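In: Quick one: sequence plus predicted model below, questions after.
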Amino acid sequence: MNKYSNKTNFLVYNLQSLIVILIPIISIAIFSRIFTPEDYGILALAILFGNITSTLINFGMHNAYETFYFKTNRDEKKDELFNTIIYFNFFLFLLIYFPVNYFIDSVCNFFNVSPDYSQIFLLGYLACNLTTLNNFFLLRTRNEKNSLMNSKIKIGVISIQLFLSIYFVLYLKYGIEGLVFSQLYSNLILFIICITLFINWKKSFNIKTLTESLYFSIPLFPRMITGVVNISYDKFLINLISSAGSLGVYDIAIRISSQCINFQNTLQNTFLPDFYNMANNREINKSKLPKFLMKYFFIAILFCQSISYFSFEIISILTPKDFHEAIFLVTILSLAMSLIFFGTIPILIHLKRTFLISKLSILSLIITLSIVIPLTYSHGVIGTVFGILLSNLINQTIVFLKTYSLFPLEWDFKNILLIYLYLFFSTLLIVYLREIELNYILRLLVKITLIIALIYYGNLAKIFDFKYYVNHVLKKIKIIQDD
């Protein structure tokens, strides 16, 4: 098992994050000039269908693997756990393929799409399920604190995907299905490579291990159902009350703003192994763990702030005018996604409160739908993004307070609240300056000043020591130069 220090993992994962964010942005810059918003709407629905099926087929096994991995110190047992879960999910994936293939035209009708697009939906099923299977390899390398291998896998698959997208669309002249083909084949290549690298063939399928994993995962099934609804209801609504074109613009906004989630997931890769080790150590006091996590919270907010502030530049540079309505959507969605950081800390999973997780998921879904549906019907896509922002604020507050009552860590509530208030009010200022069409250079200077102010505050409040990490990077560069 290769292990790297937390500092090295932090730097490697952040480098990974930059590349993983950059490549999809390059893809948007290329293909938004080839495909229309309507094409992106169809693509969004096909990938949505794939994500729905892969979420259900996964059966919550990602959480089971992650939890049981840290409960044993025996490498043989960890290999057995990994093999059993991979085999089970792969079997379900193949088994469900046959009814999906048979009913694919009915699936298209359900999504209010012509059966002419049935191939894209079937490809979406295959591509998204292979992505979910490959996520087990990413989980394994993350749990082992092997950031280098994790980065090779993640960067490798999206790089291959971009290359294949260009090949299928620009060279072979495929339509929008070329983007789904590229996702399918890139994940298939990666799956074959990872199977050869990570599967210990001496360890076979173990029914007892599977039973224990299912016993842990089954209470999470309501959460999976609510998760399926959460990833689909907004696109269903927009497609129902508006058009595929509006859905395509919204999809571009989601692709950009979801980089906030991707970045937070990257941060999770860094802190999660240490979180479990610290949470399982009774000698660790309840102030050390939140202090450890606060620096990751601050970095996540800083990233979301940048995406929200610079949505105008991002959309204007990357896409043609047909997609420029996404500028405001990205701003609001980035704020909404900044609220989920504390939800990436698996405290309830650590406590094995799986029934509670499902109950909270159902409650969150009810709150979300009761807010977003009326706002979408009354204000269209703008209502959708504001509804997501408001529901995320309510839901994340409820989950945080409940988690705190069960696991009362000594969080720095003052700084958390001040940072969020600063993020929201400064973003409103940026939106206002954009609406009154203040000179662009002045707006740019305001944005840069606001970001620097937050960095200064984080350093002043001793949340994050930027000088320390800058010096660490410089030392690494010097070592490389000396070699």
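Out: Okay, I see it. Numbers count the residues shown, from 1 in each chain.
In: from the middle of its chain, how far away would the helix or strand where residue 266 lies be?
Out: Under the criterion of DSSP states H and E, residue 266 resides in helix 259-279. Centroid separation for helix 259-279 versus its chain: 12 Å, with C-alpha atoms, centre = their mean, to the nearest Å.
In: what do you get for stretch 24-37?
Out: Put simply, stretch 24-37 sits 20 Å off its chain's centre (C-alpha atoms, centre = their mean).
In: can you check stretch 55-67 too?
Out: 16 Å.
In: Ok, stretch 356-364 next?
Out: Put simply, stretch 356-364 sits 20 Å off its chain's centre (C-alpha atoms, centre = their mean).
In: Residues contacting it, please?
Out: For stretch 356-364, the external contacting residues (C-beta atoms under 8 Å, 6 or more residues apart in numbering) are 219-223, 226-227, 230, 348-349, 391, 395, 398-399, 402. All C-beta spots, glycine's among them, are computed from the backbone N, C-alpha and C.
In: need the contact list for residue 389.
Out: Counting by C-beta under 8 Å, 6+ apart, residue 389 makes contact with 332, 333, 335, 336, 339.
In: which helix is the longest one in the protein?
Out: In the chain, ranked by residue count with DSSP state H as the criterion, the top helix is helix 354-406.
In: Tell me which helix or strand comes right after it.
Out: Downstream of helix 354-406, the first helix or strand assigned by DSSP H and E is helix 413-435.
In: mind exporting that following helix as PDB, just the C-alpha atoms?
Out: This file holds the C-alpha atoms of helix 413-435, laid out as PDB (Å, rounded to 0.1, in the frame of the first residue of the first chain):
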ATOM      1  CA  PHE A 413     -19.500  28.900  14.400                       C
ATOM      2  CA  LYS A 414     -18.600  32.600  14.300                       C
ATOM      3  CA  ASN A 415     -16.100  32.300  11.500                       C
ATOM      4  CA  ILE A 416     -18.400  29.900   9.600                       C
ATOM      5  CA  LEU A 417     -21.300  32.300   9.700                       C
ATOM      6  CA  LEU A 418     -19.100  35.400   8.900                       C
ATOM      7  CA  ILE A 419     -17.600  33.600   5.800                       C
ATOM      8  CA  TYR A 420     -21.000  32.600   4.500                       C
ATOM      9  CA  LEU A 421     -22.400  36.100   5.000                       C
ATOM     10  CA  TYR A 422     -19.400  37.600   3.200                       C
ATOM     11  CA  LEU A 423     -19.800  35.200   0.300                       C
ATOM     12  CA  PHE A 424     -23.500  35.900  -0.200                       C
ATOM     13  CA  PHE A 425     -23.500  39.700   0.200                       C
ATOM     14  CA  SER A 426     -20.400  40.100  -1.900                       C
ATOM     15  CA  THR A 427     -21.900  38.000  -4.600                       C
ATOM     16  CA  LEU A 428     -25.100  40.100  -4.600                       C
ATOM     17  CA  LEU A 429     -22.800  43.200  -5.000                       C
ATOM     18  CA  ILE A 430     -21.200  41.600  -8.100                       C
ATOM     19  CA  VAL A 431     -24.600  40.800  -9.600                       C
ATOM     20  CA  TYR A 432     -25.800  44.400  -8.900                       C
ATOM     21  CA  LEU A 433     -22.700  45.800 -10.600                       C
ATOM     22  CA  ARG A 434     -23.200  43.600 -13.500                       C
ATOM     23  CA  GLU A 435     -26.900  44.600 -13.800                       C
END
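In: What mean pLDDT does it get?
Out: Average pLDDT, helix 413-435: 94.
In: now for that helix, which elements pack on it?
Out: Judged by 3 or more C-beta pairs under 8 Å, 6 or more residues apart in numbering; DSSP states H and E, helix 413-435 is in contact with helix 288-309, helix 326-338, helix 440-460.
In: What is the least confident helix or strand in this protein?
Out: helix 466-482 (a mean of 57; mean pLDDT, DSSP states H and E).
In: And residue 318, how close does it get to residue 32?
Out: To residue 32, residue 318 is 7 Å away according to C-beta to C-beta, to the nearest Å.
In: Please apply the same query to residue 288.
Out: Residue 288 is 46 Å from residue 32, where distance means C-beta to C-beta.
In: of those two, who's got more company?
Out: Using other C-beta atoms under 10 Å as the criterion, residue 288 and residue 32 rank with residue 32 on top: 22 against 14.
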